[in-house]
Structure formats: C-alpha cells, structure tokens
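Novice: Generate a structure from the sequence data that follows.
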Amino acid sequence: HVQLVESGGGSVQAGGSLTLSCVVSASNDYCLGWVRLAPGKEIEGVAAIDSDGHTNYRDSVKGRFTISKDNAKNTLYLQMDSLKPEDSAMYYCAADRSACYSGYIAPGDFAYWGQGTQVTVS
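Specialist: Model prediction:
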C-alpha cells in the first residue's frame, strides 16, 4: 500500500518561494507528481517526475517550479519560486506506476494521493 504525506505549505506574498515535501512509501520505480486544486477551478496536474528523473511541467509553472526527488530519503519535492496569486491551491503529491507514460500530467492517472497541503499566495 502506497502512502504519501505532504508538508511545507503555507502563506507567502507574491514573488516569494515555498518548498513542498512529500514522504513516499513506494518503490523508486513509481511516477511521482504534484497536483493542485483551487476553489472553483478544475484540478490541475502541476509537475511529474518518472523513475529515471525525467520531469514534466504544466506550461504555467515552467521556469518557476522545480520537481525533484531524493530516493535515499523517499522524498519528493516541489520548489516553487516567483509565486503568483493564481498558484494558490491545495497541493497534493501523487504516485502511480504508469502515470508518466502518457507524457501528460493527468490527475486521473495517479492511483495514490496524499492528504494535501495548502498554499496561499497574496
């Protein structure tokens, strides 16, 4: 059973930075990703990283967000810089063996989700 536990959310002013962390109890061959949900908006895939370390980002965060993982620590990260108010959302880390195959970051492709951590940018 895969478990994911996020941390690192909070409130920040526009232009600021936050780093989200997610401890993942899964083997290193899983596709890992970050997904966000804001009130009144559709759920969005933000970034993903496959077992080989290849990354993928939604266009609106490219150049501002960086996804990475530390296999030794079983931890997934999302470094968020130059934050904008429209980045405000509940952020979830997610895992699945095959979610990275499509080349898209489709939230519905992830079988396992964390409980979420809130990011608020004002």
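Novice: who does the residue most central in space within the chain bridge with?
Specialist: Centrality entry for the chain: nearest residue to the mean C-alpha point is Trp34, 1.8 Å, by CA atoms, centre = their mean. Going by DSSP bridges, Trp34 is paired in beta bridges with Ala47, Cys93.
Novice: distance of it from Phe65?
Specialist: 8 Å (CB to CB, to the nearest Å). For glycine as for every other residue, the C-beta is placed from the backbone atoms N, C-alpha and C.
Novice: what residues do those two have in common as contacts?
Specialist: Residues touching both Trp34 and Phe65 by CB atoms under 8 Å, 6 or more residues apart in numbering: Val46, Ala47, Leu78.
Novice: Quick check: the second one touching Arg58?
Specialist: Put plainly, it is Ala47. Yes - the pair Ala47 / Arg58 is scored as a contact, 7.2 Å apart, by CB atoms under 8 Å.
Novice: Between the two, which is the more surrounded one?
Specialist: Legend: neighbour count by other CB atoms under 10 Å for Ala47 and Arg58, higher for Ala47 (24 against 16).
Novice: got the contact list for that one?
Specialist: Gly33, Trp34, Thr55, Asn56, Tyr57, Arg58, Val61, Phe65, Thr66, Ile67, Leu78, Ile105.
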